[in-house]
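Engineer: Give me the fold of what follows.
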Amino acid sequence: MEKDLSNYRKTYEKGALRLHEVPENPLELFQKWFHEVDTHFSQDETNAMTISTIGLDGYPKSRVVLLKRFTYEGFIFYTNYNSEKGKAIAHNPNVCLSFFWHAAERQIIIKGTAEKIPENLSDGYFESRPRGSQLGALVSDQSEPIPNRKYLENKLADLEKEFEGKEIPRPVNWGGFIVKPVEMEFWQGRPNRLHDRIRYQLQEDFNWLINRLSP
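Structural biologist: As a prediction, the model looks like this:
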């Protein structure tokens with residue numbers, strides 16, 4: 001099987017990123033971009049992000065998860081702590097997040113360290129989820145092999161009966177991670193592949209070093 005993709009072309013003309021206009025803190029620029037994309041561009045799930053981890057087998061692996069909160073401290077998402085990504089983070093907490101907002105011709109790449117959030121925060125978010133999602137967290141031993149889909153459906157049916165009319169507890173192996181950034185790069189597509197790239201690097205004094213990078 002072979003397909004030549006060399007003739008695929010796209011012109012990037014929807015914005016510019018100027019060094020003298022960016023804030024000193026990259027979280028402020030992230031908030032600005034997120035709001036602009038969410039408000040002005042046709043983008044499904046603006047909070048969808050790719051997280052890359054180093055697995056126990058030594059290979060990097062990337063998958064899409066949903067950002068659920070961001071603060072000046074970092075970026076929060078939720079998962080099964082016993083999943084492949086959860087085990088990878090426990091072994092090596094250095095991760096990379098990336099957002100690609102094609103409608104706005106923007107990308108953000110974030111290097112950082114992941115750590116579990118306090119249990120009360122995970123409890124609060126779990127309680128806010130729809131019951132179906134709560135039960136799904138109980139049903140799935142994420143990343144583990146299963147015989148077939150019927151196995152999941154039967155397990156869900158059993159749990160629906162067990163918790164009918166009852167509060168569903170958060171599984172102890174399910175909760176949030178916060179990724180605290182040490183480097184953030186903002187990419188804005190520009191004509192002729194001369195894209196704008198602005199990189200922030202956290203320094204020992206907790207200020208950010210800002211540089212423009214060659215595309």
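
Engineer: Centroid-nearest residue for the chain?
Structural biologist: Per C-alpha atoms, centre = their mean, the C-alpha nearest to the average position across the chain is that of Met49, at 3.6 Å.

Engineer: who does the host helix or strand of it pair up with?
Structural biologist: Met49 is part of strand 48-54, with elements assigned from DSSP states H and E. Using DSSP bridges, the strands paired with strand 48-54 are strand 60-66 (antiparallel), strand 94-101 (antiparallel).

Engineer: In TSV, list the ones you listed along with mean neighbour count.
Structural biologist: Yep, even glycine has a C-beta here, placed from its N, CA and C like the rest. Formatted as TSV, the strands paired with strand 48-54 follow (neighbours: other C-beta atoms under 10 Å):
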stretch	mean neighbour count
strand 60-66	12
strand 94-101	18
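
Engineer: For Met184, which of those strands is the nearest?
Structural biologist: Evaluated with C-beta to C-beta, the strands paired with strand 48-54 place strand 94-101 nearest to Met184, the distance being 9.2 Å.

Engineer: Run through the neighbouring helices and strands of the next helix or strand after the closest one.
Structural biologist: Sequence order places strand 106-116 as the next helix or strand after strand 94-101, per DSSP H and E. With contacts defined as 3 or more C-beta pairs under 8 Å, 6 or more residues apart in numbering; DSSP states H and E, the packing partners of strand 106-116 are helix 26-40, strand 94-101, strand 174-188.

Engineer: which one of the ones you listed has the most crowded surroundings?
Structural biologist: strand 174-188 (a mean of 20; mean count of other C-beta atoms under 10 Å).

Engineer: Strand 174-188 and the very next helix or strand once past it, what's the angle between them?
Structural biologist: For strand 174-188, the following helix or strand on the C-terminal side (DSSP H and E) is strand 196-202. Orientation check (axes from the mean of the first three to the mean of the last three C-alpha atoms, to 10 degrees): strand 196-202 against strand 174-188 gives 130 degrees.
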